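S.K.: generate coordinates for the sequence data below:
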Amino acid sequence: MSAGFSPSRRSVLAAVAATALTGCTGKKAAEKKRDPLRFRIWDEAFREPYNESLRAFTEKTGIEVELEVMDWGDYWPALPLEVARKTAPDVFWLNAANFLQLQDAGNLREVSDPGNTQQRASDLYRRDGKLWGAVQFWDTTALFYNRNALEEAKIDPDRLRWLPNASSGDTLLAAARALSTDTEGKHPGEEGFAPDKPARYGFNAEANLPGVVVPFVSSAGSEWLRDGKYAFNTPGASQAVQYLADMVHKHRVAPATEGSNGNPAYCRDLFLQGRLALYQSGSYNLQRIAGGVGKSFAWGIAAPVAGPNGPKSFLHAVAAVGYSHSKRGDDTGQLLDWLASADGQRPFAAAGIAMPGNRDVEGEFLRFWEERGVNATPFVKAAGEAVLADRAEQAVAGHNAISPFFERMLAGQISPQDGLRQAQEEGNKALT
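M.R.: Alright, predicted model coming up:
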């Protein structure tokens, strides 16, 4: 969409005629010709729900809003340039990784706290005792599972637990073995098992940071980030990463890293094809899985796999933020209040697109999925034990610095001890 708005010749003539007929003041005529506020997002799935929401906002306030949907790949190169030129949209989506930089530079306006937002999600946009973003939706990590496969193997997804070296009490490895088969139906550990002819894997032990790595490292009792610096280089984290690497190379119950490294869709596609029984990932994949599986097999959602310190998840949230240099501060404030409200978020919550930030419509999101046979409450419960998304000055650079080390560790190219040390060192350099 165009960043600006120019009324058509016909609309200008109509406005002039209306002024002549009604005797409107010059001020009112100018108000009628104001350009709409600009609100930018990066996900096409939200276009129609937001258009519905914004129509209701305009009816209530008389303030028109133009919705801009920009591809993710174009969004982030464009936004810093527009901020520098003071031409950024009045309101736009923001993630936690880019929050501090914009807030530090004074480019965000404070927003009113509605008081009914998912607390941990709103914490990502809270600083100096003030709230700087109206949380629109949030994601957590849980476990998607192939119900048919688990029922056949008599496995309860709510009782899965990993322990270092698969010691007494570990149930994940045994479950993954029972769920993994070659093309002849043999399981890992059985005589004649052919690991080079996989038919189905047990678990996605991949170098996916929010879906697998962060929850496993955290469930081992290790902090991920402390005081704005990575702090994951601990013995517990080393045990967690070794466990994951062993699932791939030693036990052969997880997909090879040649496919999953650098390709976040790889393990998800295996799950959709019925070739992966347990897939730990975020609620952002819920619609893709529902649409991709269709009626191929029954599936469900459980809590993330527990570790020595219980189950841990990863929580990220996207907020609508107000540009501090908007020429229409009062109108921008009204739009942010609306986007934080139940009425503002109901269209996408009721359509099951994403977990809404406003808790008053959380039930509508859950009801959408319940009516389709899916219990999505594990994602809500996971928020209480979730690690918050990285919020550091250079979070994107830090993520890019550490990711290759986790890929190499899970590929067996570097030991967890060396890999974690190097990842933490390079990651913290990137954060400064």
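S.K.: what is the burial count for Lys381?
M.R.: Residue neighbour count, defined by other Cβ atoms under 10 Å, stands at 15 for Lys381. Just so you know, the C-beta spots here come from the backbone N, C-alpha and C atoms, and that holds for glycine as well.
S.K.: likewise for the one 3 residues further on?
M.R.: Here the count is done by other Cβ under 10 Å, and Gly384 has 11 residues near it.
S.K.: ok, Trp162 next?
M.R.: The number of residues packed near Trp162 is 26, by other Cβ under 10 Å.
S.K.: could you do the one 10 residues further on as well?
M.R.: Here the neighbour count serves as a burial measure; for Leu172 (other Cβ under 10 Å) it reads 23.
S.K.: same question, Leu388
M.R.: 17.
S.K.: ok, it to Leu79 distance?
M.R.: Separation of Leu388 from Leu79 (Cβ to Cβ, to the nearest Å): 22 Å.
S.K.: quick one: least confident helix or strand in this structure?
M.R.: helix 9-22 (a mean of 32; mean pLDDT, DSSP states H and E).
S.K.: show me where the stretch 1-150 of the chain has its strands.
M.R.: Per DSSP state E, counting those that start in this stretch, the stretch 1-150 of the chain carries strands over the ranges 37-41, 65-69, 91-95, 108-109, 126-127, 130-131, 134-139, 141-146.
S.K.: doesn't Pro89 make contact with Val321?
M.R.: No. Counting by Cβ atoms under 8 Å, Val321 does not reach Pro89; the two are 9.9 Å apart.
S.K.: figure out which of the strands of the stretch 1-150 of the chain is closest to Gly292.
M.R.: strand 141-146 (10.9 Å; Cβ to Cβ).
S.K.: mean neighbour count for the strands of the stretch 1-150 of the chain - can I get that in TSV?
M.R.: Output for these, formatted as TSV (neighbours: other Cβ atoms under 10 Å):
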stretch	mean neighbour count
strand 37-41	23
strand 65-69	19
strand 91-95	23
strand 108-109	20
strand 126-127	16
strand 130-131	16
strand 134-139	27
strand 141-146	27
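S.K.: now those strands as a markdown table including distance to Ala207?
M.R.: Below are the strands of the stretch 1-150 of the chain laid out as a markdown table (distance: least, Cβ to Cβ, whole Å):
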| stretch | distance to Ala207 |
| --- | --- |
| strand 37-41 | 29 |
| strand 65-69 | 31 |
| strand 91-95 | 21 |
| strand 108-109 | 33 |
| strand 126-127 | 31 |
| strand 130-131 | 34 |
| strand 134-139 | 19 |
| strand 141-146 | 15 |
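S.K.: do you know which of the ones you listed lies nearest Asn208?
M.R.: Using Cβ to Cβ, the nearest of the strands of the stretch 1-150 of the chain to Asn208 is strand 141-146, at 9.5 Å.
S.K.: any idea how far Glu425 is from Ala231?
M.R.: Taking Cβ to Cβ, one finds Ala231 at 12 Å from Glu425.
S.K.: same question for Ala382.
M.R.: 31 Å.
S.K.: may I have the residues that are in contact with Arg359?
M.R.: Under the criterion of Cβ atoms under 8 Å, 6 or more residues apart in numbering, the neighbours of Arg359 are 116-118.
S.K.: looking at those, which has the most residues close by?
M.R.: Going by other Cβ under 10 Å, Thr117 tops these with 26 neighbours.
S.K.: and that one, what pLDDT?
M.R.: Thr117 is assigned 92 on the pLDDT scale.
S.K.: right, and it touches Gly133 too?
M.R.: No. Using Cβ under 8 Å, Thr117 is not in contact with Gly133, being 9.8 Å away.
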